[in-house]
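**Q** Quick one, fold the following:
(one chain, ligands or ions: 1)
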Amino acid sequence: MIKCQKCGWEISWGRNVKFCPNCGAPIPAPTISSGIRVAAFIILLILCISVTAIGASIKIEVSEARSLSHEVESLENAVRSIGFQAIFGNNFMHALIMFAPIVGPIWGFSVLYNTGKVIAAISIVNELDPRLNMLVLFFFPFTWMEYISYALAISESIFLTYSIIKRNFREEFTTASKLVVLCSIILLIAALIEFYVISLLESSLKI
Ligand SMILES: [Zn+2]
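**A** Presented below is the predicted three-dimensional model:
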């Protein structure tokens with residue numbers, strides 16, 4: 001139920017009313033509560049990690065593992081020559097698409113499933129346990145920061161889709177814009193940390 005702020009008339013939630021049927025005062029469109037936003041974010045964070053874990057635990061052929069790890073090597077070379085901007089650019093591009101209404105969750109889950117497959121591929125090539133490899137990744141803050149950004153983006157995509165149905169897109173778009181800025185900051189810091197960790201690991205391996 002929503003109450004008219006002027007006369008207190010009660011209007012049921014499902015109805016898309018713009019004006020109070022009793023006194024004619026404008027009724028603000030129903031907003032998504034912060035409780036629902038937090039709950040959606042937590043559920044999506046769990047889902048994002050689970051989808052990666054599923055990708056990592058699926059058995060792949062050694063030949064596919066080799067070609068997948070070659071792809072990672074070319075990405076690593078890009079990081080080496082361009083710097084942290086390559087990590088940020090790649091992650092932020094994916095996050096932006098995850099914000100898109102309707103397609104966001106599909107894109108997000110397929111990207112994260114493939115991330116899991118890449119983890120499996122690297123593990124197979126290096127004869128390591130993929131589950132252990134994935135666990136190690138979550139010891140680093142940048143992994144959490146990236147997954148937090150993706151969960152924020154996918155949950156916002158769902159709210160944007162909902163707002164289009166409820167014809168309340170403009171207000172939700174403001175929220176989405178703020179979240180895009182927040183994600184860009186989180187992903188930028190994450191990329192800097194990740195680049196620093198990679199350089200540390202590489203220099204220690206050379207010695
Ligand atoms: Zn009223």
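**Q** Could I get the buried residue list for stretch 46-57?
**A** Neighbour-count burial for stretch 46-57 flags 47, 48, 49, 51, 52, 53, 55, 56 (criterion: 16 or more other CB atoms under 10 Å). To be clear about C-beta, it is placed using only N, CA and C from the backbone, and glycine gets the same treatment.
**Q** farthest pair in those residues?
**A** 47 and 56 (14.8 Å; CB to CB).
**Q** For stretch 107-118, the averaged confidence score.
**A** Average pLDDT, stretch 107-118: 95.
**Q** next one: stretch 88-99
**A** Per-residue pLDDT values across stretch 88-99 average out to 96.
**Q** list the buried ones in it?
**A** Applying 16+ other CB under 10 Å to stretch 88-99 flags 88, 91, 92, 94, 95, 97, 98, 99 as buried.
**Q** what do you get for stretch 6-24?
**A** The neighbour-count check on stretch 6-24 (16+ other CB under 10 Å) flags 11, 20 as buried.
**Q** Which strands or helices does the lowest-mean-pLDDT helix or strand in the chain pack on?
**A** Across the helices and strands of the chain, mean pLDDT, DSSP states H and E gives its lowest value to strand 2-3, namely a mean of 79. Contact here means 3 or more CB pairs under 8 Å, 6 or more residues apart in numbering; DSSP states H and E; on that basis strand 2-3 packs against strand 10-11.
**Q** Packing partners of the host helix or strand of residue 48?
**A** Element membership for residue 48, per DSSP states H and E: helix 34-57. For helix 34-57, the packing partners by 3+ CB pairs under 8 Å, 6+ apart come out as helix 103-125, helix 130-137, helix 141-165.
**Q** Distance from the chain centre to the shortest one, please.
**A** For helix 130-137, the distance between its averaged C-alpha position and the chain's averaged C-alpha position is 20 Å (CA atoms, centre = their mean, to the nearest Å).
**Q** what's the answer for stretch 45-63, then?
**A** For stretch 45-63, the distance to the chain centre is 16 Å (CA atoms, centre = their mean).
**Q** and that stretch, what's its mean pLDDT?
**A** Across stretch 45-63, pLDDT averages out at 93.
**Q** Does the spatially closest residue to residue 108 that is not a sequence neighbour belong to a helix, a strand or coil?
**A** Spatial nearest neighbour of residue 108, chain neighbours left out: residue 98 (4.1 Å); criterion: CB to CB, 6 or more residues apart in numbering. Under DSSP: H, G, I helix; E, B strand; the rest coil, residue 98 falls in the helix class.
**Q** what's the distance between residue 98 and residue 91?
**A** As for residue 98, its distance to residue 91 is 10 Å (criterion: CB to CB, to the nearest Å).
**Q** re the thing from before, I'd say the residue nearest to residue 108 and residue 150 touch.
**A** Yes - between residue 98 and residue 150 a contact is recorded at 5.9 Å, counting by CB atoms under 8 Å.
**Q** list residues touching both of those two?
**A** Common contacts of residue 98 and residue 150, defined by CB atoms under 8 Å, 6 or more residues apart in numbering, comprise residue 108.
**Q** one step back: may I see the buried residues of stretch 88-99 organised as a markdown table, with distance to the ion added?
**A** Shown next, in a markdown table, are the buried residues of stretch 88-99 (distance: CB to the ion, whole Å):
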| residue | distance to the ion |
| --- | --- |
| 88 | 50 |
| 91 | 48 |
| 92 | 45 |
| 94 | 46 |
| 95 | 42 |
| 97 | 42 |
| 98 | 40 |
| 99 | 36 |
